[in-house]
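S.K.: Got a predicted model here, sequence first, then my questions.
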Amino acid sequence: MLFGGCVKVVVIEGHLSEYPNPVYLKRGDIVTLGEMDDEFHNWIFITNDAGDQAWAPIQYIDNVVGSSTGILLQDYDNLEFNTVIGEKLSVLFELNSWYRVSRSTDEIGWVPVHTVKRT
């Protein structure tokens, strides 16, 4: 769901990323597909040609039929924000129980929906 940055949220549960080194992928990049996430529906573990690994939304990947590879349909990064209670963020869109958000510093990243509430 696209919000256009007009929906504001406040952090109610701090989040600490388990992936401190984000992966930046471009449309057309080829990735190896791994397991599906048990906790968050429609996220798949991927590995690029450089060996970088990340969780990615399945909607961003075109699976090559009959293989364990996929092609990125759009640019993607897995930058998860470390957040603190009370922090205010602007929601750009929601995807698979995660919000793509921006900070007042214009940084853009991901936070789990359950860690914030609308203001």
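M.R.: Cool, the structure landed. Numbers count the residues shown, from 1 in each chain.
S.K.: At which residues are the strands of the protein located?
M.R.: Remark: strands assigned in the chain by DSSP state E are 2-11, 24-25, 30-36, 43-48, 53-57, 61-63, 69-72, 76-77, 88-95, 98-102, 108-112, 116-118.
S.K.: Of those, give the one that comes closest to E18.
M.R.: strand 53-57 (9.5 Å; CB to CB). (Each C-beta comes from the backbone N, C-alpha and C, glycine too.)
S.K.: and the closest one with strand 30-36, angle?
M.R.: For strand 53-57 against strand 30-36, the angle by axes from the mean of the first three to the mean of the last three CA atoms, to 10 degrees is 80 degrees.
S.K.: before we move on, back to that, could you save the strands of the chain as JSON lines and add columns showing distance to S17?
M.R.: Shown next, in JSON lines, are these (distance: least, CB to CB, whole Å):
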{"stretch": "strand 2-11", "distance to S17": "13"}
{"stretch": "strand 24-25", "distance to S17": "15"}
{"stretch": "strand 30-36", "distance to S17": "19"}
{"stretch": "strand 43-48", "distance to S17": "14"}
{"stretch": "strand 53-57", "distance to S17": "11"}
{"stretch": "strand 61-63", "distance to S17": "21"}
{"stretch": "strand 69-72", "distance to S17": "21"}
{"stretch": "strand 76-77", "distance to S17": "12"}
{"stretch": "strand 88-95", "distance to S17": "15"}
{"stretch": "strand 98-102", "distance to S17": "12"}
{"stretch": "strand 108-112", "distance to S17": "9"}
{"stretch": "strand 116-118", "distance to S17": "15"}
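S.K.: Let's have the ones you listed in a markdown table, adding distance to E18, mean pLDDT and mean neighbour count.
M.R.: Listed next are those as a markdown table, based on distance: least, CB to CB, whole Å; pLDDT from 0 to 100; neighbours: other CB atoms under 10 Å:
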| stretch | distance to E18 | mean pLDDT | mean neighbour count |
| --- | --- | --- | --- |
| strand 2-11 | 17 | 80 | 14 |
| strand 24-25 | 18 | 97 | 17 |
| strand 30-36 | 15 | 96 | 15 |
| strand 43-48 | 12 | 97 | 19 |
| strand 53-57 | 10 | 96 | 21 |
| strand 61-63 | 21 | 94 | 15 |
| strand 69-72 | 22 | 97 | 17 |
| strand 76-77 | 15 | 97 | 18 |
| strand 88-95 | 18 | 96 | 17 |
| strand 98-102 | 14 | 97 | 21 |
| strand 108-112 | 12 | 98 | 18 |
| strand 116-118 | 18 | 97 | 14 |
